[in-house]
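[1] attaching a predicted model along with its sequence, questions to come.
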Amino acid sequence: MSARRLVVGLLLAASAAAAAAAEDVRLKDLGRFLGWRENMLVGYGIVTGLAGTGDTPRSRATRQALSNLLQQFDLVVPQDQMANRNVAAVMLTATLPPSSSVGDRLDVAVSSIGDARSLAGGTLLMAPMQGPDRKVYALAQGPVSVGGYRFDANGNLAQKNTPTAGIVGAGATVEAPVAAQVLDPGGGLNFVLKDADAVTAERIAERINAMPGVGRAVARDAAVVHIELPPGTGAVNAVLARLEQLRVAPDRRARVVVNERTGTVVAGGDVRISAVSIAHGDLRVSVSTEFTASQPSQIGIAGSGVRSLTLANSKLSVEEGRQQVAASFDDGTVADLVQALHKLKVGTRDIIAILQSIKSAGALYADLIVQ
């Protein structure tokens, strides 16, 4: 009997340990190291080969850009003679990874800035892409893929999605290498949390200090954990790899998110509410309209300007229906409350209104976020 109890105890301890481990999250999923970030690139280009859906001659910027482009090939064409609609001026955007080498490929987003109707079937000509420092980091070129269309003829229009925006898959080539600088001037690391939380920051510092050969960590505030590397640390990438695999149980803030447009309610299973009584009523307003026609008394004798008159008589009635919900709940969670309201056949939008009222009454111990 004692052996059986021992086995049961070991199983319960193992399950509790597994549940605790399941709550742990990798450090790389909780934030990033300061200096390790993506970089934005932007550029201006021309898309050619459009089937008459490009910019109109009213777009002076497109005509000037096309004229400047042809001059590079020893073709001098005045701007006033650029009257075709097979060209469109576009803006280009791309994201440069924190560490990039020459020759890496990037996806390029293309969007029209003129009055083009569609970019379908077009080809982006070689265009430079600059960073915030006005330095060229990549060159973009290639066919534009548009997930939509637009066709019109004789006043009839058929359109799907947004044909004036597209993408050039792997259309940009990195020309300047980029290396992330994760070490601060003192030779240390700074870990920045995605969601600032003092408890989580302290837990991260404690777990790092328990790792041998990494250094000393101090939580500067709720958002940054500073790590002092040991003297002579050469392989910084190896240290980063060890730190990113470190698992920490983050402290969660109680939140309830409601979306009134879609009727969605998302809440943690442990969000608490105190004892509360709910009475949710219904108010119905109905409007009925009755149409009658007023005819002239002598239709045959009346003049040519006399016409029948239609009269509308509207009646407004307000009915305060019976209460839909009248219930009391003991201390519990939001999940228990929502489940109980569903059993009472309460709709999702009514549940949202009830949660907002509970929050106003001070019985909901969580942040209520309405989207």
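    All right, it came through fine. Residues are numbered from 1 along each chain as shown.
[2] point out where the stretch 251-371 of the chain drops to low pLDDT.
    Applying pLDDT under 70 to the stretch 251-371 of the chain flags residues 269, 280-291, 293-327, 329-331.
[3] now the helices for it?
    Secondary structure of the stretch 251-371 of the chain (DSSP state H, counting those that start in this stretch): helices located at 334-343, 348-360.
[4] could you export the host helix or strand of Ala172 as CSV, CA atoms only?
    Using DSSP states H and E, the element containing Ala172 is strand 165-174. Taking C-alpha atoms only, strand 165-174 is exported to CSV below (Å, rounded to 0.1, in the frame of the first residue of the first chain):
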residue,chain,number,x,y,z
ALA,A,165,-0.2,47.0,-54.8
GLY,A,166,1.9,43.9,-55.2
ILE,A,167,5.1,42.1,-54.3
VAL,A,168,8.3,41.1,-56.0
GLY,A,169,9.3,37.8,-54.3
ALA,A,170,13.1,37.8,-53.6
GLY,A,171,13.3,40.8,-55.9
ALA,A,172,16.0,42.8,-54.0
THR,A,173,19.7,41.9,-53.7
VAL,A,174,21.6,43.2,-50.7
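[5] helix or strand next in line after it, which one?
    Criterion used, DSSP H and E; the element after strand 165-174 is strand 189-193.
[6] let's see that next one as PDB, backbone CA atoms only.
    Extracted in PDB, the C-alpha atoms of strand 189-193 (Å, rounded to 0.1, in the frame of the first residue of the first chain):
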ATOM      1  CA  LEU A 189      24.400  42.900 -23.200                       C
ATOM      2  CA  ASN A 190      21.000  44.500 -22.700                       C
ATOM      3  CA  PHE A 191      17.900  42.300 -23.000                       C
ATOM      4  CA  VAL A 192      14.700  44.200 -23.800                       C
ATOM      5  CA  LEU A 193      11.400  42.600 -22.900                       C
END
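[7] quick one, whichever helix or strand comes after that strand and strand 189-193 angle?
    For strand 189-193, the following helix or strand on the C-terminal side (DSSP H and E) is helix 198-209. If you take axes from the mean of the first three to the mean of the last three Cα atoms, to 10 degrees, helix 198-209 sits at 150 degrees to strand 189-193.
[8] now what about the strand holding Ala172, what contacts it?
    Here strand 165-174 makes contact (Cβ atoms under 8 Å, 6 or more residues apart in numbering) with 41, 92, 94, 96, 100-112, 119-120, 124, 129, 137-147. (C-beta placed from N, C-alpha, C; glycine too.)
[9] that older thread, could the helices of the stretch 251-371 of the chain go into TSV alongside distance to Ile208 and mean neighbour count?
    Listed next are the helices of the stretch 251-371 of the chain as TSV, based on distance: least, Cβ to Cβ, whole Å; neighbours: other Cβ atoms under 10 Å:
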stretch	distance to Ile208	mean neighbour count
helix 334-343	34	16
helix 348-360	37	17
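[10] could those be laid out in a markdown table, adding distance to Thr262?
    What follows is those, written out as a markdown table (distance: least, Cβ to Cβ, whole Å):
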| stretch | distance to Thr262 |
| --- | --- |
| helix 334-343 | 16 |
| helix 348-360 | 9 |
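[11] right, and those helices - which one's nearest Val76?
    helix 348-360 (65.7 Å; Cβ to Cβ).
[12] so what secondary structure elements neighbour that closest one?
    In terms of contacts (3 or more Cβ pairs under 8 Å, 6 or more residues apart in numbering; DSSP states H and E), helix 348-360 is packed against strand 255-259, strand 264-267, strand 276-280, helix 334-343, strand 367-370.
[13] dump these into CSV; add distance to Val178 as well.
    As requested, the helices and strands packed on helix 348-360 are exported to CSV (distance: least, Cβ to Cβ, whole Å):
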stretch, distance to Val178
strand 255-259, 36
strand 264-267, 38
strand 276-280, 55
helix 334-343, 45
strand 367-370, 36
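[14] for the ones you listed, which one sits closest to Leu75?
    By Cβ to Cβ (comparing all of the helices and strands packed on helix 348-360), the closest turns out to be strand 255-259, at 55.7 Å.
[15] tell me the strands beside that closest one, with direction?
    Note on strand 255-259: by DSSP bridges, its sheet partners are strand 264-267 (antiparallel), strand 367-370 (parallel).
[16] per-residue confidence for the residue lying closest to Thr233 once chain neighbours are set aside?
    Leaving aside its sequence neighbours, Thr233 sits nearest to Val239 (Cβ to Cβ, 6 or more residues apart in numbering; 6.4 Å). pLDDT, Val239: 90.
[17] cool, and the one 10 residues further on?
    Ala249 is assigned a pLDDT of 91 by the prediction.
[18] that one: neighbouring residues, count only.
    Neighbour count of Ala249, defined by other Cβ atoms under 10 Å: 15.
[19] that one and Arg26 touch, don't they?
    No. If you go by Cβ atoms under 8 Å, Ala249 and Arg26 don't touch, sitting 11.3 Å apart.
[20] show me which residues of the strand holding Ala172 are buried.
    Across strand 165-174, burial judged by 16 or more other Cβ atoms under 10 Å covers Ala165, Gly166, Ile167, Val168, Gly171, Ala172, Thr173, Val174.
[21] what's the closest of these to Tyr365?
    If you rank the buried residues of strand 165-174 by distance to Tyr365 using Cβ to Cβ, Ala165 comes first, at 44.3 Å.
[22] great, nothing more from me.
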